[in-house]
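J.: Okay, here's the prediction I keep looking at, along with the sequence it came from:
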Amino acid sequence: MKQCHKCKQFLSESEFHKSCANKDGLHTICKKCCKKYNLENKERLKKNREKNKLKISESSKQYYIKNKQRIAEHRNKPEIKERKKIYSKEYRKKHPNRGKEYRKKHPNYSKKYMKKWVEKHPNYGTEYAKRRGKKYIKECNKKQAKKLRMDILNHYSNEKIICALCSCDIVEVLTIDHINGGGNKHRKKENMIGGSMLYRWLRKNNYPDGFRVLCRNCNWLEHLKTIR
């Protein structure tokens, strides 16, 4: 138990943030009081961070260089890894569109960052394949492709994954159809081969109109109508 200097309450140690400055390794103010203070002084703290941006970045770099090995050991602890996984899952649930919004606002930043990263790590793909194995990578790619397909079908069928004409609900039989025709021309223009490339194109272009979900029978019948 520890007493908070602000609210004067005796609380458990889990209710305090960690701090290297104090002997007990805990902050003098509890988490609730810290949160309240940050909300009340949000603008003032933001201005101070902007003024001292260079100093903060330099000090953080120097600290990392001095304590590089200790930080790596701390990050590799199983407790820390599990805590990060739990936190990231909770954060994604609370903010599902945060990444998409950031990429829209800063489209060039992510491209530049990826180029720099690839230049620094040219052999990362081959090393990762050796560590994980080809079977594992294939399984991951299949899972991602299935998830993308379900997202596309869910969007273009208004969250009821059925055929727009015959109401067939067998997911394995459903596909995406161009409402006004011209599917072959569109695929040739965009250099797309197979359904997965079309799904990626739809997601990349923010799910444009002019598409619907049909079963393969209805899709073929619609194609025959255009020929006749």
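T.: Thanks, I have the structure now.

J.: only C-alpha atoms for contact and neighbour calcs from this point on.
T.: Fine.

J.: Walking through this protein, point out its strands one by one.
T.: 2-3, 10-11, 16-18, 26-30, 174-178, 211-215 (DSSP state E).

J.: Grab the most central residue of this structure for me.
T.: Residue closest to the average C-alpha location in the chain (Cα atoms, centre = their mean): residue 99, at 5.7 Å.

J.: Centre of the chain to the longest helix along the chain, how far?
T.: Taking DSSP state H as the criterion, the chain has its longest helix at helix 134-156. Distance of helix 134-156 from its chain centroid, counting by Cα atoms, centre = their mean, to the nearest Å, is 15 Å.

J.: That helix versus strand 211-215: what angle between them?
T.: 110 degrees (axes from the mean of the first three to the mean of the last three Cα atoms, to 10 degrees).

J.: which parts of helix 134-156 are buried?
T.: Using 16 or more other Cα atoms under 10 Å as the burial criterion, the residues of helix 134-156 that qualify are 145, 148-149, 152-153, 156.

J.: Only C-alpha atoms, please: export it in PDB.
T.: In PDB, the C-alpha atoms belonging to helix 134-156 read as follows (Å, rounded to 0.1, in the frame of the first residue of the first chain):
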ATOM      1  CA  LYS A 134       7.600 -21.800 -46.300                       C
ATOM      2  CA  LYS A 135       4.600 -23.800 -45.000                       C
ATOM      3  CA  TYR A 136       4.000 -21.300 -42.200                       C
ATOM      4  CA  ILE A 137       4.200 -18.300 -44.700                       C
ATOM      5  CA  LYS A 138       1.800 -20.000 -47.100                       C
ATOM      6  CA  GLU A 139      -0.700 -20.600 -44.200                       C
ATOM      7  CA  CYS A 140      -0.500 -17.000 -43.100                       C
ATOM      8  CA  ASN A 141      -1.100 -15.800 -46.700                       C
ATOM      9  CA  LYS A 142      -4.100 -18.000 -47.000                       C
ATOM     10  CA  LYS A 143      -5.600 -16.700 -43.800                       C
ATOM     11  CA  GLN A 144      -5.100 -13.100 -44.900                       C
ATOM     12  CA  ALA A 145      -6.700 -13.800 -48.300                       C
ATOM     13  CA  LYS A 146      -9.700 -15.500 -46.700                       C
ATOM     14  CA  LYS A 147     -10.100 -12.600 -44.300                       C
ATOM     15  CA  LEU A 148      -9.900 -10.000 -47.200                       C
ATOM     16  CA  ARG A 149     -12.400 -12.000 -49.200                       C
ATOM     17  CA  MET A 150     -14.900 -12.100 -46.300                       C
ATOM     18  CA  ASP A 151     -14.500  -8.400 -45.700                       C
ATOM     19  CA  ILE A 152     -15.200  -7.600 -49.400                       C
ATOM     20  CA  LEU A 153     -18.300  -9.900 -49.600                       C
ATOM     21  CA  ASN A 154     -19.600  -8.500 -46.300                       C
ATOM     22  CA  HIS A 155     -19.300  -4.900 -47.600                       C
ATOM     23  CA  TYR A 156     -20.900  -5.400 -51.000                       C
END
